[in-house]
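**Student:** When you get a sec, could you give me coordinates for this:
(one chain, ligands or ions: 2)
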Amino acid sequence: MTEKTRQMKILCIGAGYVGGPTMAVIASQCPDIKVTVVDINPERIARWNSERLPIYEPGLDEVVRSARGRNLFFSTDIEAGIRESDMIFVSVNTPTKMFGTGAGMAADLQYWEKTARQIRECSNTPKIIVEKSTLPVKTAQAMKRIFDAGNHKTRFTVLSNPEFLAEGTAVNDLKHPDRVLIGSDTSPAGIRARESLVDIYARWVDRDRILTTNIWSSELSKLVANAFLAQRISSVNAISALCEKTDADIAEVTRAVGMDSRLGSKFLNASVGFGGSCFKKDILNLVYLCRYYGLNEVADYWEGVIRINEYQKERFVVNMLGNMFHTLSGKRICLLGFAFKAHTGDTRESPGIYIAKRLMEERAKLVVTDPEALENARFELQGVEGDVCYTEDPYAATDGCDAVALMTEWPQYAALDFDRIFRSMAQPAFIFDGRNILDHAKLYTIGFNVFPIGKPALTHFHDEPSIGG
Ligand SMILES: NC(=O)C1=CN([C@@H]2O[C@H](COP(=O)(O)OP(=O)(O)OC[C@H]3O[C@@H](n4cnc5c(N)ncnc54)[C@H](O)[C@@H]3O)[C@@H](O)[C@H]2O)C=CC1
Ligand SMILES: O=C(O)[C@H]1O[C@H](OP(=O)(O)OP(=O)(O)OC[C@H]2O[C@@H](n3ccc(=O)[nH]c3=O)[C@H](O)[C@@H]2O)[C@H](O)[C@@H](O)[C@@H]1O
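**Tutor:** Ligands and ions are numbered 1, 2, ... in the order given. Predicted structure coming up:
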């Protein structure tokens, strides 16, 4: 092949929830580009090469199957991948740092830095390095310094291209993104690198949805997007507490508020709290950055989003305890769902983890059920002292229970036969709907004592409540 027709080679370091699906979609949209995904975790790579992918994501199997072995490859040979690639996406994890300065707040950049050093050592040809992981603003500067230090072999150009996919809808989000964001510097090499990444996305994304910005705006926009999304949920959840005190109904309030076109109706569902690997860590990262720059009022403001989320989870437990006669000791409670949201098996930072631990502290006996997340649920709760068992069958899980606490909004849970469940439960039977997806009036009629979020409770204990249809 001549230099002109040489096949472009993309490498992605990090075969996780972002690296795997993102590269699978790029490979399926660009059959002429060779896409390789590498990881230090051999089991993960083996799963990507198997029929049982390491993550559950609707539509992902088909996309992977269409490209794997053709122009999509999963490998543990990171050095070979680096050597042969033109463009390297780095999609390693950037968790909250748990030690030293910034512990519990700053992003832990050790995986990123190790990767940067490895890239530098193994590169003999020019590389475009794409920040795919979510990173503190100014990381690209640190990366550039690492790449340039003692490097006389070749040139590196760093771009920021944060990912906005949400789990459960990742394939659709990647195929039809609201926007693609690419940050670069304005040197000729920066612009050239940016244009080559724009050209890749432009194969399937309208050019007017591909935003190009300076690199710091791009890095910061990712943190801000997540902070705004989480802020919306904490705002709704804060108001749900007020609704419960005033007999207002959070669904009616959010409908009325969301019909204002300036606010919009999406992402206004009250819940037991937000989870997922990113909202909390990215806001903490933002808070840390603000404090680092001496912006303490700004930091306090964003920290409030997390405080409300913690409060919402604790409120849920206290509500269960108070309504179940102030003791959960020895009571059997079913956690209906454990994933942090529906349509994923991911349980990272799932509110279910906190609720489960608190309920076990109260010496309740737990039965955890979830259609996709049981393996991860077991992992999250390993070593936690208490009585917990797991089953995929929701009817077996609720059998003999005193209470059901709905944690995840799996649509199949709304369609369960609650007459049957009620008959199999201890009496009085309680349902705490942490996602407001169940038909509360119907559950009440069946005989349950029903506790939604941000809506009047429906109980059989006092005067007949007005359930208002
Ligand atoms: N999970 C999500 O929905 C989203 C995540 N992000 C961001 O993307 C980044 C990655 O997130 P996930 O994919 O969820 O993480 P993940 O933990 O699922 O995947 C990261 C992978 O990187 C690998 N890795 C770590 N160090 C490595 C090294 N030195 N060399 C090779 N592989 C290495 C790990 O073994 C792991 O498989 C994070 O910064 C996250 O904030 C951004 C948007 C969405
Ligand atoms: O950076 C990331 O990791 C990603 O974080 C979120 O995606 P994700 O965490 O996968 O899922 P979301 O749909 O945002 O839900 C997050 C949490 O908020 C909860 N939620 C969501 C919406 C809502 O109205 N109410 C609510 O409680 C969900 O149940 C879930 O626990 C963002 O939506 C993505 O744009 C972003 O790329």
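
**Student:** From here on, just use CA atoms for contacts and neighbour counts.
**Tutor:** Fine.

**Student:** Gly345 against Thr369, yeah?
**Tutor:** No - using C-alpha atoms under 8 Å, Gly345 is not in contact with Thr369; the gap is 11.8 Å.

**Student:** Give the buried residues for stretch 364-375.
**Tutor:** Ala364, Lys365, Leu366, Val367, Val368, Thr369, Asp370, Pro371, Glu372, Ala373, Leu374 (16 or more other C-alpha atoms under 10 Å).

**Student:** Quick one: end-to-end distance for it.
**Tutor:** 21 Å (C-alpha to C-alpha, to the nearest Å).

**Student:** now check that stretch, is it near ligand 2?
**Tutor:** No - Stretch 364-375 does not reach ligand 2 (C-alpha under 6 Å from any ligand atom); its nearest approach is 13.6 Å.

**Student:** Quick one: mean pLDDT over that stretch.
**Tutor:** Mean per-residue pLDDT for stretch 364-375: 98.

**Student:** C-terminal to the helix or strand bottoming out on mean pLDDT in the chain, what's the next element?
**Tutor:** Each helix and strand of the chain was given a mean pLDDT (mean pLDDT, DSSP states H and E); the minimum falls on helix 139-148 at a mean of 90. Where DSSP states H and E defines the elements, the next helix or strand beyond helix 139-148 is strand 156-160.

**Student:** Summarise which helices and strands whichever helix or strand comes after that following strand is packed against.
**Tutor:** Following strand 156-160 in sequence order, the next helix or strand is helix 170-175 (DSSP H and E). When contacts are defined as 3 or more C-alpha pairs under 8 Å, 6 or more residues apart in numbering; DSSP states H and E, helix 170-175 sits against helix 19-29.

**Student:** For this structure, what lies in contact range of ligand 2?
**Tutor:** So the chain meets ligand 2 at 163-167, 226, 233, 267-271, 273-276, 278-279, 340-341 (C-alpha under 6 Å from any ligand atom).

**Student:** try 8 Å
**Tutor:** Within reach of ligand 2 by C-alpha under 8 Å from any ligand atom, the chain has these residues: 134, 163-168, 222-223, 225-226, 229-230, 232-233, 266-279, 282, 340-342, 350-351, 408-409, 435.

**Student:** Show the buried residues in those residues.
**Tutor:** 134, 163-165, 167-168, 222-223, 226, 230, 232-233, 268-279, 282, 340-342, 350-351, 408-409, 435.

**Student:** hang on, Ile55 packs against Tyr17?
**Tutor:** Yes - contact status for Ile55 versus Tyr17: in contact at 6.9 Å, counting by C-alpha under 8 Å.

**Student:** returning to what we had before: list the buried residues in the least confident helix or strand of the chain.
**Tutor:** For helix 139-148, by 16+ other C-alpha under 10 Å, it's Thr139, Ala140, Met143, Ile146, Phe147.

**Student:** so, if you compare those residues, which one comes nearest to Asn449?
**Tutor:** Thr139 (51.6 Å; C-alpha to C-alpha).

**Student:** show me what contacts the closest one?
**Tutor:** For Thr139, the contact set (C-alpha atoms under 8 Å, 6 or more residues apart in numbering) is empty.

**Student:** roughly how far apart are it and Glu362?
**Tutor:** Following C-alpha to C-alpha, the distance that separates Thr139 from Glu362 is 43 Å.

**Student:** Repeat that for Lys114.
**Tutor:** Counting by C-alpha to C-alpha, the gap from Lys114 to Glu362 is 43 Å.

**Student:** between those two, which one's more packed in?
**Tutor:** Glu362 (18 against 11; other C-alpha atoms under 10 Å).

**Student:** from the buried residues of stretch 364-375, which two are the most distant?
**Tutor:** Every pair of those checked by C-alpha to C-alpha; the farthest is Ala364 and Glu372, at 23.8 Å.

**Student:** could you check the angle strand 156-160 makes with the least confident helix or strand of the chain?
**Tutor:** Put simply, helix 139-148 runs at 160 degrees to strand 156-160, going by axes from the mean of the first three to the mean of the last three C-alpha atoms, to 10 degrees.

**Student:** how far out from the middle of the chain is helix 139-148?
**Tutor:** Offset of helix 139-148 from its chain centre (C-alpha atoms, centre = their mean, to the nearest Å): 27 Å.

**Student:** Tabulate the CA atom coordinates of it in PDB.
**Tutor:** The C-alpha coordinates for helix 139-148 follow below in PDB (Å, rounded to 0.1, in the frame of the first residue of the first chain):
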ATOM      1  CA  THR A 139      -5.200  17.600  32.100                       C
ATOM      2  CA  ALA A 140      -4.200  18.000  28.500                       C
ATOM      3  CA  GLN A 141      -1.400  20.300  29.600                       C
ATOM      4  CA  ALA A 142       0.000  17.700  32.000                       C
ATOM      5  CA  MET A 143      -0.200  15.100  29.300                       C
ATOM      6  CA  LYS A 144       1.600  17.300  26.800                       C
ATOM      7  CA  ARG A 145       4.400  17.800  29.400                       C
ATOM      8  CA  ILE A 146       4.700  14.000  29.900                       C
ATOM      9  CA  PHE A 147       4.800  13.300  26.200                       C
ATOM     10  CA  ASP A 148       7.400  16.000  25.500                       C
END
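
**Student:** How about that helix and ligand 1, touching?
**Tutor:** No - Helix 139-148 is not in contact with ligand 1 by C-alpha under 8 Å from any ligand atom; minimum separation 12.0 Å.

**Student:** where does the stretch 1-150 of the chain dip in pLDDT?
**Tutor:** Along the stretch 1-150 of the chain, segments meeting pLDDT under 70 span 1-4.

**Student:** hey, where'd the strands end up in it?
**Tutor:** Assigned strands in the stretch 1-150 of the chain, in chain order: 9-13, 34-38, 72-75, 87-90, 127-131 (criterion: DSSP state E, counting those that start in this stretch).

**Student:** now swap in the stretch 201-350 of the chain and tell me
**Tutor:** Counting by DSSP E, counting those that start in this stretch, the strands of the stretch 201-350 of the chain are 210-214, 332-336.
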